[in-house]
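**Student:** A structural model of the following input is requested.
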Amino acid sequence: MRPDLMTSPARFDDAWETAIEFARAAAGSGRDVVLVRDLSGRATLLVDDRNDPEPLDPEGEWLLYLRGEFEGRVHPFASDDPVQAATSMFIADMFFSSPELYVLQTREDGGTGQVSVLERTVVGADWAAVGVEVEKEPTRRTRRIALYGFKGGVGRTTAATFLARHLAERGLRVLVVDLDLESPGASHLLSEPGGAPTHGIVDYLVESAVGNAEGLHLVDRSTNHQPMAGNGEIWLAPAAGTPRKGQPYDYLAKLNRIYSDLPAAEPGGTPLAFAQRLEDAITACEVEVEQDGRPLDVVLLDSRAGIHDIAAVTLTRLCDQALLFAVDNPSTWEGYRMLFTQWQRHPERARALRDRVRIVAAMFNSAGDIDRLDVLRQHAYDTFVETLYNLPDDEDAEPFLPTHGDVDDKPYAPIPILFSNDLIGLDPLRSPKWPELPFVRAAYHQFVGTVDRLLQDMYKDKS
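**Tutor:** Residues are numbered from 1 along each chain as shown. Predicted coordinates for the structure are as follows:
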């Protein structure tokens, strides 16, 4: 790098904004450009000269000047070869035709070229999930409901357990899938010690990677919670299996090996993305349940909390309805705002995702103030309007916030689960009949009633 072009090192965010400025300027030549950011955050500017009468000379004046300026101002987040022409690349289409491109600036006839971004990340790519379209009306018959919280410790798994019990009492066949792989919890609420199946979700992911998933025992009926009447059933697909006595089982060794995409089975084929691998794992659990009797009615996905690939895949690709658990504090809304902004970048996807989420007021304590739920609703409303409404070409107008007492079924309208000290640190072994306690039923009354209505709306046109 020429010393006269060196500036003070740019921080991560500033370097990226500067790189985008260079990309827009380069597109002023009429050529399409792609800005690639690698796993270390280093940026490379790719210029598409394939339609030029003469290819750009890598040592020509324009590219040399652009390369020097880019390297000097984006340093230390400029790659080793920070500006490249498409004609000098080995497989340019890998970048310029990638399904993961995010378009920042569209092409103008006779004017500027298109500016696109390609992110290479380990965690978080599936929050945008550009390469896969969201089905507005999912085709699978089994309804899938995800339970997710940006923050942990909000009673998500306990709610999933109570909801499963409620649905089973209505005669439904329910499967609970524990996707909180780093901190499994559903197994302890839904099965007695040693009562979970031999294998879990992590076993499917690690065994299927080498073509060895056949014959896994992934599901079992819940031994703790079965309905008091009717023919409903609760099934559990745990995160971890329960090995039989004397059998080795190294959960951490498996967990450390499951999150990567798998290489293509054949040269030139398509790699198997982690999202598809997780879909295959859940499908395998569903198939195993249905081999034992009638079809499933509902699958509850107890998702990992926070910014995690499992949560991203669960919300954007695996579920038909997502219940987003929230406590009313600034960090919760800032977290959801950050995640929704990822969806906002792709309006068509944002619209589809917006219609399948609902806010849950977790561990809600009115403390004698009947207006607290309205305050939470206002905060949720503000977050949704800033990120998921008023999208480009949006046919749906910004929702009107109803006054207190009016029926509100919009995504931001909170479904309350009442707070109870007795549910904190719940030990299901000491209190196996906890879902039958009056104060517990009161706490979840509005929650399960609303989910009942959501289930009736889902697939209402399918028979």
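
**Student:** run through the stretch 1-150 of the chain and note the low-pLDDT ranges.
**Tutor:** Applying pLDDT under 70 to the stretch 1-150 of the chain flags the ranges 1-7, 121-141.

**Student:** show me the contacts for residue 120.
**Tutor:** With contacts defined as CB atoms under 8 Å, 6 or more residues apart in numbering, the neighbours of residue 120 are 36-39. (Each C-beta comes from the backbone N, C-alpha and C, glycine too.)

**Student:** cool, and residue 38?
**Tutor:** 44, 79, 120.

**Student:** one more: residue 435?
**Tutor:** 161-162, 165, 225, 441.

**Student:** quick one: it from residue 421, how far?
**Tutor:** To residue 421, residue 435 is 17 Å away according to CB to CB, to the nearest Å.

**Student:** just residue 391 next, same as before
**Tutor:** In terms of CB to CB, residue 391 sits 42 Å off from residue 421.

**Student:** so which of the two has more stuff around it?
**Tutor:** Between residue 391 and residue 421, counted using other CB atoms under 10 Å, the more crowded position is residue 391 (17 against 8).

**Student:** before we move on, what SS does that one have?
**Tutor:** When classified by DSSP: H, G, I helix; E, B strand; the rest coil, residue 391 comes out as coil.

**Student:** that one contacts residue 347, doesn't it?
**Tutor:** Yes - applying CB atoms under 8 Å, one finds residue 391 in contact with residue 347, separated by 4.1 Å.

**Student:** tell me the spacing between residue 78 and residue 37.
**Tutor:** In terms of CB to CB, residue 78 sits 11 Å off from residue 37.

**Student:** remind me which helix or strand residue 416 belongs to.
**Tutor:** Assigned by DSSP states H and E, residue 416 belongs to strand 415-418.

**Student:** quick check: next helix or strand after that strand?
**Tutor:** Beyond strand 415-418 toward the C-terminal end (DSSP H and E), the next one is helix 438-457.

**Student:** count of residues packed around residue 50?
**Tutor:** Neighbours around residue 50, by other CB under 10 Å: 16.

**Student:** could you list the residues in contact with stretch 242-260?
**Tutor:** Residues from elsewhere that reach stretch 242-260, judged by CB under 8 Å, 6+ apart: 181-182, 187, 194-198, 202-203, 205-206, 209, 240-241, 274, 277, 309.

**Student:** and the residues you listed, which of them are buried?
**Tutor:** Neighbour counting over those (16 or more other CB atoms under 10 Å) leaves 181, 187, 196-197, 202-203, 205-206, 240-241, 274, 277, 309 as the buried ones.

**Student:** and these as a markdown table, adding pLDDT and distance to residue 375?
**Tutor:** Output for those, formatted as a markdown table (pLDDT from 0 to 100; distance: CB to CB, whole Å):
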| residue | pLDDT | distance to residue 375 |
| --- | --- | --- |
| 181 | 92 | 35 |
| 187 | 83 | 36 |
| 196 | 83 | 41 |
| 197 | 91 | 44 |
| 202 | 93 | 41 |
| 203 | 92 | 45 |
| 205 | 93 | 42 |
| 206 | 91 | 46 |
| 240 | 92 | 40 |
| 241 | 91 | 44 |
| 274 | 87 | 38 |
| 277 | 92 | 41 |
| 309 | 81 | 33 |
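
**Student:** where does the stretch 351-463 of the chain have low pLDDT?
**Tutor:** In the stretch 351-463 of the chain, residues with pLDDT under 70: 367-370, 393, 396-408, 425-426, 428-429, 459-463.

**Student:** repeat that for 50
**Tutor:** Scanning the stretch 351-463 of the chain for pLDDT under 50 picks out 461-463.

**Student:** tell me which element the residue nearest to the spatial centre of the chain falls in.
**Tutor:** When CA atoms, centre = their mean is applied to the chain, the residue found nearest the centroid is residue 312 (1.5 Å). Per DSSP H and E: residue 312 is located in helix 309-313.

**Student:** got it, and residue 162?
**Tutor:** Going by DSSP H and E, residue 162 is part of helix 156-169.

**Student:** that helix vs helix 438-457, what angle?
**Tutor:** Per axes from the mean of the first three to the mean of the last three CA atoms, to 10 degrees, the angle that helix 156-169 makes with helix 438-457 is 70 degrees.

**Student:** which residues are contacting helix 156-169?
**Tutor:** By CB under 8 Å, 6+ apart, helix 156-169 touches 147-149, 174, 176, 178, 180, 185-186, 189-190, 222, 225-230, 232-234, 297-298, 300, 302-303, 305, 325, 360, 362, 417, 423, 426, 435, 440, 444, 447-448, 451, 455.
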